[in-house]
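S.K.: 3D model of this:
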Amino acid sequence: MALNYIWISFFVIAFVIALFKLIFLGDTEIFKVLIDGIFDSSKASVMDIALPLAGTMAFWLGIMRVGEKAGAINFLSRIVGPFFQRLFPEVPRNHPAAGQMMMNFSTNLLGLDNAATPFGLKAMAGLQELNPQKDTASNAQILFMVLHASGLTILPISIIAQRAILGSHDPTDIFIPCIIATYVATLAGLLVVAIKQKINLFDRVVMSWLLGLTAFIGLLVWYFAACLTKEQIGTVSKVSSNLILFLIPVLFVLGAARKKVNVFEAFIEGAIGGFETSVKIIPYLVAMLVGVSVFRNSGALLYITDAFKWVFGHFNMDTRFTDVLPIALMRPLSASGARGLMLDNMKVFGPDSFVGHLSSVLYGAADTTFYMVALYFGSVSVKRTRYVIPASLIADLAGAIAAILVSYLFFG
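M.R.: Have a look, this model is predicted:
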């Protein structure tokens with residue numbers, strides 16, 4: 001229901017602003033801009049997202065099927081079972097969905113979006129099998145979605161690469177701030193959903209896992225900061241993430257072969273499901289991306305940003321962060337739009353300026369909430385998403401605030 005109201009709001013707000021521009025500002029091109037945006041985003045939904053995603057989905061869901069037959073998913077389910085049983089009480093112990101979610105979270109941690117999405121869609125399908133109300137998001141699906149949308153990443157490879165391309169003298173210096181910001185966003189999302197679903201985060205097992213994860217991230221940060229040079233950080237990040245990504249299909253294939261599974265047939269079986277899922281999500285992608293397009297092209301984000309600048313300008317405080325607020329507002333709506341704003345800021349102000357650094361950290365501090373909700377829930381035909389969007393946006397807000405504070409601390 002929330003998605004429905006938000007989608008309607010995009011069009012209503014865009015129409016009102018466009019009408020204002022036409023009547024009072026004499027902008028005779030505004031409605032053409034909106035219509036062109038509708039056609040462009042509709043085409044991009046299919047040609048730039050759904051069709052390329054079909055190949056990725058086919059491969060990784062094929063590999064996932066091989067892993068299931070090899071017993072890898074059940075193995076992961078048993079490992080994370082005690083922890084997930086308390087966070088996701090609706091998911092039976094050792095259910096494959098636990099392993100599928102673990103695969104999604106693991107690849108997301110490494111910044112491997114191409115693999116994380118197929119694993120996430122597979123996990124959502126597994127949770128949908130347990131969902132008694134097929135058109136309404138279950139508690140487990142909501143928590144999974146919020147944790148995934150919070151974008152916890154420990155290797156922001158793509159951001160580091162983009163900073164290097166734009167000539168940064170130290171493209172890896174956003175590594176630690178990005179980890180801190182995304183971790184804050186994830187903890188905020190978990191806390192919001194835990195309060196709503198009455199999950200006991202002080203349970204001994206839950207606390208052990210959370211403290212263990214915190215310690216792991218802390219040690220990783222210490223290792224990268226204290227034991228590696230600036231140049232080594234980028235190299236180790238790139239090599240380790242790609243090595244782990246390649247190890248997944250290799251280990252799954254070897255494990256399946258050891259169990260005398262027909263690996264090729266298992267792969268084809270999973271790949272067919274990946275292609276079908278890609279086709280199924282096209283209407284949901286078109287709807288969401290068109291709505292975001294008219295909202296963005298109407299100039300609504302610019303007005304909101306100017307309002308923030310006006311408000312903060314009346315306080316005796318450093319307002320440099322207001323130049324980056326459009327990224328915070330765009331990130332939940334459009335990854336490409338937010339990336340474009342980030343790159344533009346780095347070109348204008350310089351990648352090693354405060355605004356360039358903050359733009360990089362802020363971009364890495366969250367994920368594309370509306371796109372992901374449309375994609376994941378659309379793949380299982382869930383229409384009532386309940387409170388998943390408010391909870392995800394709270395996590396995004398926490399990540400944005402953390403990104404601003406930590407950027408002042410590191411790059412002041």
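S.K.: and the strand or helix carrying G255, what's buried?
M.R.: In this structure, G255 sits in helix 230-258 according to DSSP states H and E. Within helix 230-258, the residues scored as buried using 16 or more other Cβ atoms under 10 Å are I233, G234, V236, S237, S241, I244, I248, P249, F252, V253, G255, A256. Every residue, glycine included, has its C-beta placed from N, CA and C.
S.K.: how about stretch 68-79?
M.R.: E68, K69, A70, G71, A72, I73, N74, L76, S77.
S.K.: hmm, the fifth one is touching F252, no?
M.R.: It refers to A72. Yes - using Cβ atoms under 8 Å as the test, A72 is close enough to F252 to be in contact (5.7 Å).
S.K.: can I get stretch 84-98 in PDB, CA atoms only?
M.R.: What follows is stretch 84-98 as a C-alpha-only set of coordinates in PDB (Å, rounded to 0.1, in the frame of the first residue of the first chain):
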ATOM      1  CA  PHE A  84      18.500 -16.700  11.700                       C
ATOM      2  CA  GLN A  85      16.100 -18.700  13.800                       C
ATOM      3  CA  ARG A  86      15.900 -15.800  16.200                       C
ATOM      4  CA  LEU A  87      15.800 -13.000  13.600                       C
ATOM      5  CA  PHE A  88      13.500 -14.900  11.300                       C
ATOM      6  CA  PRO A  89      11.300 -17.100  13.500                       C
ATOM      7  CA  GLU A  90       8.900 -17.800  10.600                       C
ATOM      8  CA  VAL A  91      11.700 -19.600   8.700                       C
ATOM      9  CA  PRO A  92      12.000 -23.300   9.900                       C
ATOM     10  CA  ARG A  93      15.400 -24.400  11.200                       C
ATOM     11  CA  ASN A  94      17.800 -25.400   8.400                       C
ATOM     12  CA  HIS A  95      15.400 -24.200   5.700                       C
ATOM     13  CA  PRO A  96      17.200 -23.400   2.400                       C
ATOM     14  CA  ALA A  97      16.100 -19.800   2.500                       C
ATOM     15  CA  ALA A  98      18.500 -19.200   5.400                       C
END
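S.K.: what's in contact with that stretch?
M.R.: The contact list for stretch 84-98 (Cβ atoms under 8 Å, 6 or more residues apart in numbering) reads 68, 73-74, 76-78, 80-81, 101-102, 123, 126-127, 129-130, 138-140, 143-144, 199-200, 203, 205-206.
S.K.: check stretch 119-127 too.
M.R.: Contacts of stretch 119-127 (Cβ under 8 Å, 6+ apart): 57, 60-61, 64, 91, 95-97, 100-101, 103-104, 107-108, 138, 140-141, 144-145, 148, 277, 375-377, 379-380.
S.K.: H148 belongs to a helix?
M.R.: Yes - under DSSP: H, G, I helix; E, B strand; the rest coil, H148 sits within a helix.
S.K.: excluding its backbone neighbours, what's nearest it?
M.R.: G120 (5.7 Å; Cβ to Cβ, 6 or more residues apart in numbering).
S.K.: how much space between the one you found and F377?
M.R.: The gap separating G120 from F377 is 11 Å, by Cβ to Cβ, to the nearest Å.
S.K.: repeat that for E265.
M.R.: Distance from E265 to F377, by Cβ to Cβ: 31 Å.
S.K.: ok, those two, which is more surrounded?
M.R.: Higher neighbour count among E265 and F377: F377, with 24 against 12, using other Cβ atoms under 10 Å.
S.K.: surely that one meets T136?
M.R.: No - if you go by Cβ under 8 Å, F377 and T136 don't touch, sitting 10.0 Å apart.
S.K.: identify the contacts common to the two.
M.R.: K383.
S.K.: low-confidence ranges, the stretch 101-250 of the chain, go.
M.R.: Low-confidence segments of the stretch 101-250 of the chain, defined by pLDDT under 70, span residues 110-114, 230, 234, 241.
S.K.: tell me where it has strands.
M.R.: Read by DSSP state E, counting those that start in this stretch, the stretch 101-250 of the chain holds no strands at all.
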